[in-house]
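In: one predicted model, sequence on top.
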Amino acid sequence: MASHGRSVTGRPAGPPALDFDVVVVGAGMSGLYALKVLREQGLRVVVVEKAPGVGGTWYWNRYPGARCDVPSLEYSFGFDPDLEQEWVWTEHFASQPEIERYLNHIADRYDLRRDIRLNTAVCSATFDEASDSWAVETEAGDRLRARFCIMATGGLSAPNRPPFPGIDRFGGTVVQTSLWPEQGVELEGRRIGIIGTGSSGVQSIPELARVAAHLTVFQRTPTFTWPSHNKLLTAGEQAAVKKRYREIRREQARSPSGTAGTTGALSFQVPIDDREILASTPEEREAVLGEFGFSACRVWVDTARDLEANEMAVELFREMVRRTVKDPELAEALSPRGYPLGCKRPVIDAGYFDTFNRDNVSLVDLREDGIEEITSTGIRTAQGHVELDVIVLATGFDAMTGALTRMDIRGRDGRLLRDDWADRPRTYLGVSMAGYPNLFVSVGPGSPSVLASYPTQIELQLGWIAALLRHAFEKGFTFVEADAAYQDAWCDHVDAVAEGTMFTAPSCNSWYNGQNVEGKPRVFLPYAGGLTVYMERCNAAAGNGYEGFSIR
Ligand code: N01
């Protein structure tokens with residue numbers, strides 16, 4: 001074990017009093033749960049949150065149509081049987097307002113607000129080697145000192161705003177889906193342009209089309225999207241899940257994606273069986289199209305690792321686009337090509353392709369020529385100028401690392417996380433970084449993160465972090481740091497489990513691998529081995545006396 005250096009530097013032996021045991025950055029799902037569980041351990045915890053409200057992602061992403069793609073009865077915490085029995089979800093897939101209400105209910109029900117500081121943006125966090133503590137600085141100039149720091153900053157919280165030339169001189173309204181103002185945006189009867197056709201774009205496009213005088217969609221990459229078949233939940237459906245909630249929670253914890261599939265046929269998911277598309281006949285493919293529609297491409301077992309099979313399945317998807325969108329040229333422009341099915345995060349929708357049959361909706365295909373400039377009255381591309389009143393940026397996120405690299409996080413010896421991660425993020429078990437003692441990350445790179453349902457994952461992962469902190473406080477340890485060799489081995493393991501999947505196909509550019517942000521290294525960011533295996537690895541390390549950590 002390397003010397004920590006306090007005695008070497010000759011600083012006073014008694015560390016100065018700390019304000020808190022733990023400072024948590026972010027009051028989204030992770031931050032709220034961290035506060036609850038750590039406070040129950042008797043720790044002095046403070047949560048700092050830059051938004052005026054709690055909820056994280058579900059505070060900021062209040063664009064029209066924002067909705068979760070995990071069944072609501074599962075996209076909820078399981079730590080309190082009374083809570084899950086009492087809370088009533090109204091739809092199979094909950095809308096943003098309902099999830100925001102739920103998270104506010106959590107904040108009130110467990111009296112969390114007294115330890116949450118809203119409107120408090122963090123700009124830096126610095127480890128002090130003399131006192132084994134973190135100093136977290138806010139934009140307002142406050143300094144919070146705590147033994148441990150937990151970055152509950154989320155996987156999709158740093159908005160990606162491409163530097164479109166001229167954007168600042170646009171005379172109308174520019175709004176980003178992930179920074180949608182609480183007071184709303186005037187959309188009724190406006191000429192609206194939307195840039196981006198990922199999940200946020202696909203969800204908002206049908207809603208915007210309903211109210212706009214005209215909607216112009218600026219699309220760079222056509223999307224695979226599946227109808228969610230969302231519906232109101234009946235009392236009977238709620239009761240059936242609530243009756244066996246304990247069992248469902250166990251199934252979630254044991255599932256690679258943190259889900260138990262309670263809504264079965266309603267979900268956009270289809271049963272993947274042992275059918276191989278390479279061995280199928282045209283008649284069989286037609287029958288599957290008839291049965292599953294857009295989801296017909298997802299039935300086959302051989303599409304996950306075979307690019308030829310994958311392309312055959314993609315053709316089924318394109319066939320469904322042709323059958324749905326009346327204008328053949330438009331259908332072609334909306335058809336995904338050039339990247340495999342399964343490379344990007346699945347998108348679910350409510351009437352996305354049908355929306356393009358409306359008279360007040362048009363598409364600008366940016367595949368050949370991008371946006372040249374934003375003028376004072378609209379958007380110019382090589383294909384012409386579109387006059388607009390409102391521009392909606394649905395351009396995604398600097399995912400998984402952006403929230404951390406945009407802050408100045410300084411570890412031992414003055415090292416800066418942004419620099420250490422210049423060529424790739426490095427974590428041990430997705431929660432901890434060598435060189436950054438006493439710092440933990442929730443749903444960070446190298447953890448399942450965006451590949452597993454958050455509430456389930458957060459309870460497991462933050463539960464694990466909380467147990468490590470309890471161990472440290474009980475034993476009087478003040479220093480916990482991941483070892484570099486274990487971190488390297490974990491990064492190799494993270495790379496190895498993604499290798500050979502469609503996530504890492506050479507033609508796959510996505511926010512999963514940083515290729516949506518200019519200059520970001522090409523690294524597959526989440527852990528693709530599944531939540532179950534991930535937690536087994538974490539628990540094995542804990543069982544071996546927190547193997548891979550220096551603790552003293
Ligand atoms: O972001 P995205 P998102 N010029 O990165 C385009 C979760 N989520 O906010 O593909 C023109 O997927 C970009 O084009 P391209 C979910 O995990 C979930 O939509 O890079 N276009 C793309 O079309 C999701 O995956 C829900 O070529 C530009 C779009 O902007 C994740 O958040 C709802 C551009 C960005 O798509 C991110 O989704 C919402 C440029 N310079 C979000 N730059 C649920 O349903 C970018 N684009 C649960």
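Out: Yep, that arrived. Numbers count the residues shown, from 1 in each chain.
In: E319 contacts G290, doesn't it?
Out: No - counting by C-beta atoms under 8 Å, G290 is not a contact partner of E319; they are 11.2 Å apart. Every C-beta, even on glycine, is put in place using the N, C-alpha and C of the backbone.
In: pick out whichever of the two has more residues nearby.
Out: Comparing E319 with G290 by other C-beta atoms under 10 Å, the one with more neighbours is E319, at 18 against 9.
In: how about the nearest residue to that one, chain neighbours excluded?
Out: L289 (6.5 Å; C-beta to C-beta, 6 or more residues apart in numbering).
In: to what extent is W87 buried, counted in neighbours?
Out: With other C-beta under 10 Å as criterion, W87 counts 20.
In: where does it land on pLDDT?
Out: With respect to pLDDT, W87 scores 97.
In: which residues does it contact?
Out: Shown in contact with W87 (C-beta atoms under 8 Å, 6 or more residues apart in numbering): 76, 102, 105.
In: these two touch, right, the second one and S76?
Out: Okay, so that is Y102. Yes - between Y102 and S76 there is a contact at 6.7 Å, judged by C-beta under 8 Å.
In: ok so, going back, neighbours of the residue nearest to E319, how many?
Out: Count around L289 with other C-beta under 10 Å applied: 19.
In: likewise R345?
Out: 17.
In: figure out the helix or strand that the nearest residue to Q203 once chain neighbours are set aside lives in.
Out: In space, and not counting its chain neighbours, Q203 is closest to G65: 3.9 Å by C-beta to C-beta, 6+ apart. Of the helices and strands defined by DSSP states H and E, none includes G65.
In: G65: neighbour count?
Out: G65 has 21 nearby residues by other C-beta under 10 Å.
In: what is the burial count for the residue of the stretch 351-500 of the chain found nearest the ligand?
Out: When scored by C-beta to the nearest ligand atom, the stretch 351-500 of the chain has G396 as its residue closest to the ligand, at 2.6 Å. G396 is flanked by 24 other residues according to other C-beta under 10 Å.
In: can I assume L112 is in contact with V37?
Out: No - counting by C-beta under 8 Å, L112 does not reach V37; the two are 11.0 Å apart.
In: in the longest strand seen in the chain, what's buried?
Out: When the chain is parsed with DSSP state E, its longest strand is strand 143-151. Of the residues in strand 143-151, 144-151 count as buried by neighbour count, 16 or more other C-beta atoms under 10 Å.
In: likewise for stretch 114-129?
Out: 115-117, 120, 122, 125-129.
In: and for stretch 531-539?
Out: 531-532, 534-535, 537-538.
In: let me see the mean pLDDT of it.
Out: Mean pLDDT, stretch 531-539: 97.
In: ok, now stretch 244-252?
Out: For stretch 244-252, mean pLDDT is 94.
In: alpha carbons only: can I get that stretch in CSV?
Out: This file holds the C-alpha atoms of stretch 244-252, laid out as CSV (Å, rounded to 0.1, in the frame of the first residue of the first chain):
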residue,chain,number,x,y,z
ARG,A,244,-46.5,-10.4,-7.1
TYR,A,245,-44.4,-7.3,-6.8
ARG,A,246,-41.8,-8.9,-4.5
GLU,A,247,-41.2,-11.7,-7.0
ILE,A,248,-41.1,-9.2,-9.9
ARG,A,249,-38.4,-7.1,-8.1
ARG,A,250,-36.4,-10.3,-7.7
GLU,A,251,-36.8,-11.1,-11.4
GLN,A,252,-35.7,-7.5,-12.2
